[in-house]
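>>> please find the sequence and the predicted model below.
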Amino acid sequence: MAEEETNVRVDAWIWSVRLTKTRALAAAACRGGHVRVNGDRVKPATSVRPGDEVRLREAGRERIVVVSRLVRKRVGATVAAECFVDNSPPPPPREESVLVGLRDRGAGRPTKRDRRDLERLYGRPGAAAARSEGRGEARAEGRGEARGDERGEARAEARGQARGQGRPERKPGGGRSER
């Protein structure tokens, strides 16, 4: 077992009782103001004593623990649980957490299917409406021909396909020029 200590740094104690994964993260939390001892923000070198209340805000959750035993070296999980009394509120259930469309790192730009799935997940308008319309109509409307738009008619005439006319007639001989 670890020998009882009288003077332990708060960052070392937070790390040794497994509230943070590394001592560097514990020190960074202290410097960032995420650690409070008895209601005061503390520096990493601040000493803790048995009976002190330590509040650690990490990963969107606040841990509230009361120091019951001081240890300087990192200890196992069962011994660490004996070193403090946990008064933290329970973590929120996983069902209540917000769904977020996560993509793998380095996956690149989302495909059309991925984008539509994300729009459906977030409930954005436009994803379902685009699919409900006829695909052929949408394409023709984009060119202005199906609406009877003047620009669409002008384009059709330029191609020699005015409304009511089909393709322009082919010349005899398969379109080859005569020499």
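Sure thing, it's come through.
>>> buried ones in the longest helix seen in the chain?
Taking DSSP state H as the criterion, the chain has its longest helix at helix 112-122. By neighbour count on 16 or more other CB atoms under 10 Å, the buried set for helix 112-122 is 116, 119. C-beta here means a position set from N, CA and C on the backbone, and glycine is covered the same way.
>>> heads up, I number from 8, so please use that
Noted, 8 is the first residue going forward, which turns the last one into helix 119-129.
>>> which strands and helices sit next to it?
Identification of packing neighbours for helix 119-129 by 3 or more CB pairs under 8 Å, 6 or more residues apart in numbering; DSSP states H and E yields helix 134-139.
>>> hmm, S54 and V74 touching each other?
No: in this structure V74 lies outside contact range of S54 using CB atoms under 8 Å: 10.7 Å.
>>> which one's more surrounded, those two?
V74 (21 against 15; other CB atoms under 10 Å).
>>> tell me how far the more buried one lies from R122.
According to CB to CB, to the nearest Å, V74 stands 51 Å off from R122.
>>> next one: A31
A31 sits 39 Å away from R122, taking CB to CB as the criterion.
>>> strands of this structure, residue ranges please.
15-16, 42-44, 47-48, 54-55, 60-65, 68-74, 91-93 (DSSP state E).
>>> for Y129, find the nearest of those.
Nearest of those to Y129, taken as CB to CB: strand 68-74 at 24.9 Å.
>>> what packs against the closest one?
On a contact count with 3+ CB pairs under 8 Å, 6+ apart, strand 68-74 meets strand 60-65, strand 91-93.
>>> looking at those strands, which is buried most?
Greatest average neighbour count among these goes to strand 60-65 (a mean of 18), per mean count of other CB atoms under 10 Å.
>>> direction included, what does that one pair up with?
strand 42-44 (antiparallel), strand 68-74 (antiparallel) (DSSP bridges).
>>> quick one: buried residues of the last one?
Neighbour counts over strand 68-74 (16+ other CB under 10 Å) mark 70-72, 74 as buried.
>>> other residues contacting that strand?
20, 24, 26, 55-64, 90-96, 98 (CB atoms under 8 Å, 6 or more residues apart in numbering).
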